[in-house]
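Chemist: Sharing a model prediction with you, sequence too.
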Amino acid sequence: WEQEVSVIVALLAMDEPDKPEYKAYWPKIDDHPVLYHDIRVSCNGTERSAHYAIRTFYISRLVGEREQIRYVRHYQYVTWTRTGVPKYTAPFLDFMERVHEGHAKNPKAMLVHCHSGGGRSGMFVAIHTLIKEGKTKRQVDVLKCVTKLRQERPNMVKHLRQYKFIYEALIDYFLCSDSG
């Protein structure tokens, strides 16, 4: 609430076999609103594709006699397992484009998370940052970007296959898509 987040990016499947205890922190569209201390959250709509879901949350907080209201878009990439990388870049880049479009409409803070907050989150933030960098500077430096991320949070982008996917996604974005 304090950070005025307008976009949440969740990089996790709800049925990951090594995390059976994980439960959704958001209400379903037909559920009653959920109360977290003084913040009430309800789901106003869900859009689904084969690889992701997009939800709109209505969030309210009573401050004194006045109710403060916000809408938050929740983007969940559901086919990225904890131990791997996305199988193909195209659905992931489509997901990233949807996140970018939603964030451009309400450019406040973006919250990105996975289970551990390292590998998948690091990859998403790196690709997001490097696409912006590539559009403005016409070049990218993956190692510099990941090094900077790791200074902020250890274990961002941990494995060689994650680096490889970052490069593949950037190549596909800049050389093969209309967006680049």
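Modeler: Looks like it arrived, so ask away.
Chemist: Go ahead and name everything in contact with the worst-scoring helix or strand of the chain on mean pLDDT.
Modeler: The weakest-scoring helix or strand in the chain, judged by mean pLDDT, DSSP states H and E, is strand 34-36 (a mean of 86). Residues outside strand 34-36 that contact it (Cβ atoms under 8 Å, 6 or more residues apart in numbering) are 26, 27, 40, 41, 42. C-beta: built from backbone N, CA, C; applies to glycine.
Chemist: State the next helix or strand along the chain beyond it.
Modeler: On the C-terminal side of strand 34-36, the closest following helix or strand by DSSP states H and E is strand 39-48.
Chemist: That following strand pairs with which strands?
Modeler: Using DSSP bridges, the strands paired with strand 39-48 are strand 34-36 (antiparallel), strand 52-63 (antiparallel).
Chemist: which stretch in those has the least confidence?
Modeler: Mean pLDDT values for the strands paired with strand 39-48 show the minimum at strand 34-36, a mean of 86.
Chemist: Scan the chain for its longest helix.
Modeler: In the chain, assigned by DSSP state H, the helix with the most residues is helix 119-137.
Chemist: That helix packs against which elements?
Modeler: With contacts defined as 3 or more Cβ pairs under 8 Å, 6 or more residues apart in numbering; DSSP states H and E, helix 119-137 has these neighbours: helix 89-105, strand 109-113, helix 142-152, helix 160-171.
Chemist: Paired strands for the second one, with orientation please.
Modeler: Paired strands of strand 109-113, with direction, are strand 5-10 (parallel) (DSSP bridges).
Chemist: a markdown table please, covering the strands paired with strand 39-48 and showing distance to residue 90 and mean neighbour count.
Modeler: Listed next are those as a markdown table, based on distance: least, Cβ to Cβ, whole Å; neighbours: other Cβ atoms under 10 Å:
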| stretch | distance to residue 90 | mean neighbour count |
| --- | --- | --- |
| strand 34-36 | 34 | 12 |
| strand 52-63 | 13 | 16 |
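Chemist: Format the ones you listed as CSV; extra columns: distance to residue 94.
Modeler: Formatted as CSV, these follow (distance: least, Cβ to Cβ, whole Å):
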stretch, distance to residue 94
strand 34-36, 29
strand 52-63, 8
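Chemist: Great, nothing more from me.
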